[in-house]
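Participant: starting from these lines, generate the structure:
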Amino acid sequence: MAFQLHFGERDLLRCRFALSPLWETQEAVRTLARPERHGYHLPWLRRVRAAADGLDLRRLWLVMPRVGHNPDFFCPPPESPVATFAEEIALVRATPPEVARRDLALALAETPGAAGSDAGREMLADPGRTVREFAGLLEQVWRQLVEPDWPRLRALLEADIAYHSRRLAEVGLGRLLGELSPRLVWADSTLSVVGTRGEWSRDLGGRGLVLVPSVFTWPEIIGGHEPPWQPAVIYPARGIGGLWTEAADRTPDALARLLGRARADVLCALDEPAGTTALAHRLGLAPSSVSAHLAVLRDAGLLTSRRHAHQVLYERTPLGIALAVS
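Facilitator: The predicted structure is shown next:
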């Protein structure tokens with residue numbers, strides 16, 4: 001079984017990467033209810049459990065079936081590479097009621113009895129109110145569960161985009177798409193998402209494709225978005241295995257004695273390229289201190305730096321890698 005996206009010439013010119021704090025927020029809601037996603041995220045789940053227990057997410061879960069259609073208006077594809085949560089949630093609140101009702105009906109139909117339940121009937125009877133309710137609930141999830149860790153998540157997502165942008169330049173779009181996940185297969189100008197329930201086929205129609213790395217989507221690949229939204233593929237970001245590992249847990253004592261604990265922690269925290277603010281948040285250090293350590297490590301030939309969007313990303317050189325993993 002596969003979901004197939006057919007590319008025309010214009011579509012190949014309109015493929016882009018983007019990251020989405022709103023996508024991570026609604027996928028965090030799913031992760032709370034899906035034990036198969038917990039493996040990499042147990043440290044986060046333990047930390048947010050008390051706050052999550054204070055939120056009533058049952059109505060959201062009702063329209064989040066494990067397979068099949070999920071409401072697209074929850075997470076419209078980001079319109080810019082680095083959209084803010086405020087920009088994205090404003091688009092959710094602006095969803096026309098008739099669009100929301102159609103979207104909700106498709107999602108409720110995936111779960112037997114959901115559309116006929118009291119909650120399902122209320123959603124369909126007043127979709128405008130449902131949009132406002134769900135937007136407010138997603139904003140609570142963002143503020144309480146996701147935003148405190150957003151610098152760490154954003155750093156990993158931006159590093160993923162930087163890596164795959166380099167691979168795009170090296171190997172081209174067709175091969176790159178196949179590298180994003182074993183479940184993505186490119187052949188004859190068609191991208192297939194294999195392992196889905198049922199068969200779907202869509203012509204992109206010149207709109208192109210948005211590629212969105214995600215932390216909380218693992219281990220799934222999600223493809224779709226019905227009109228009027230631009231088609232998108234959401235794939236697991238690289239590096240989530242070490243996302244919640246604290247730097248002190250992976251810094252060799254010998255390296256700490258050589259460089260000093262804080263500087264060695266900075267070097268070992270760069271499993272993926274990251275900026276000063278994200279590293280400071282991850283390590284619990286002042287940004288000015290992290291900046292000073294980064295400058296010393298770069299001058300010593302252990303790091304390189306390059307500008308990506310609004311920030312400078314640092315990554316280890318081969319010598320830095322050898323020291324950090326020794």
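
Participant: got the buried residues for the strand or helix carrying residue 154?
Facilitator: In this assignment (DSSP states H and E), residue 154 forms part of helix 150-171. Neighbour-count burial for helix 150-171, counted by 16 or more other CB atoms under 10 Å, picks out 150-164, 168. Yep, even glycine has a C-beta here, placed from its N, CA and C like the rest.

Participant: quick one: contacts of the next helix-or-strand element following it?
Facilitator: Using DSSP H and E, the helix or strand that directly follows helix 150-171 along the chain is helix 173-180. For helix 173-180, the external contacting residues (CB atoms under 8 Å, 6 or more residues apart in numbering) are 12, 15, 164, 167-168, 171, 184-186, 191, 211, 233, 235.

Participant: what of stretch 60-72?
Facilitator: Contact with stretch 60-72 is made by 26, 29-30, 33-34, 100, 103-104, 106-111, 114, 117, 119-120, 123, 134, 137-138, 196-197, 224-226, 229, as judged by CB under 8 Å, 6+ apart.

Participant: weed out the non-buried ones from those residues.
Facilitator: Buried members of those, scored by 16+ other CB under 10 Å, are 26, 29-30, 100, 103-104, 106-108, 110-111, 114, 120, 123, 134, 137-138, 196, 224-225, 229.

Participant: how close does residue 240 get to residue 203?
Facilitator: As judged by CB to CB, to the nearest Å, residue 240 and residue 203 stand 33 Å apart.

Participant: what about those two, which has more around it?
Facilitator: Neighbours of residue 240 and residue 203, each counted by other CB atoms under 10 Å, are more numerous for residue 240; the result is 22 against 14.

Participant: close enough to count as contact, the more buried one and residue 43?
Facilitator: No: in this structure residue 240 lies outside contact range of residue 43 using CB atoms under 8 Å: 11.7 Å.

Participant: tell me which residue is most central in this structure.
Facilitator: residue 214 (2.1 Å; CA atoms, centre = their mean).

Participant: now do the same contact list for the closest residue to it other than its chain neighbours.
Facilitator: Leaving aside its sequence neighbours, residue 214 sits nearest to residue 234 (CB to CB, 6 or more residues apart in numbering; 5.1 Å). For residue 234, the contacting residues are 23, 212, 213, 214, 217, 221, 222, 223, by CB under 8 Å, 6+ apart.

Participant: quick one: contacts of the helix or strand bottoming out on mean pLDDT in the chain?
Facilitator: Least confident helix or strand, the chain: strand 222-224 with a mean of 78, by mean pLDDT, DSSP states H and E. Applying CB under 8 Å, 6+ apart, the external contacts of strand 222-224 come out as 3, 5, 69, 72, 193, 196, 231, 232, 233, 234.

Participant: put together a markdown table for the residues you listed, with pLDDT and secondary structure on each row.
Facilitator: Supplementary listing: the contacts of strand 222-224 in a markdown table, determined by pLDDT from 0 to 100; DSSP: H, G, I helix; E, B strand; the rest coil:
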| residue | pLDDT | secondary structure |
| --- | --- | --- |
| 3 | 81 | strand |
| 5 | 88 | strand |
| 69 | 82 | coil |
| 72 | 86 | helix |
| 193 | 84 | strand |
| 196 | 67 | coil |
| 231 | 86 | coil |
| 232 | 89 | strand |
| 233 | 91 | strand |
| 234 | 92 | strand |
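
Participant: a helix runs through residue 307, doesn't it?
Facilitator: No: counting by DSSP: H, G, I helix; E, B strand; the rest coil, residue 307 falls outside a helix, being strand.

Participant: what's the closest non-adjacent residue to it?
Facilitator: Closest residue in space to residue 307, ignoring its immediate chain neighbours: residue 313 at 7.6 Å, by CB to CB, 6+ apart.

Participant: buried ones in the helix or strand containing that neighbour?
Facilitator: Assessed by DSSP H and E, residue 313 sits inside strand 311-316. Across strand 311-316, burial judged by 16+ other CB under 10 Å covers 311, 313, 314, 315, 316.

Participant: quick one: residues contacting the second one.
Facilitator: Spelled out, that is residue 313. Contacts for residue 313 were tallied using CB under 8 Å, 6+ apart; they are 158, 159, 162, 273, 274, 275, 305, 306, 307.

Participant: where along the stretch 101-250 of the chain do the strands fall?
Facilitator: 184-187, 190-194, 200-203, 210-214, 222-224, 232-236 (DSSP state E, counting those that start in this stretch).

Participant: looking at the ones you listed, which is closest to residue 285?
Facilitator: For these, the distance to residue 285 is smallest for strand 210-214, at 26.0 Å, taking CB to CB.

Participant: list the neighbouring strands of that closest one plus their orientation.
Facilitator: With DSSP bridges as the test, strand 210-214 is paired with strand 16-17 (parallel), strand 232-236 (parallel).

Participant: output the contacting helices and strands for the helix or strand that comes right after the last one.
Facilitator: Following strand 232-236 in sequence order, the next helix or strand is helix 253-259 (DSSP H and E). Contact partners of helix 253-259 among helices and strands, from 3 or more CB pairs under 8 Å, 6 or more residues apart in numbering; DSSP states H and E: helix 261-269.

Participant: average model confidence for the helix it packs on?
Facilitator: Averaged over helix 261-269, pLDDT sits at 89.
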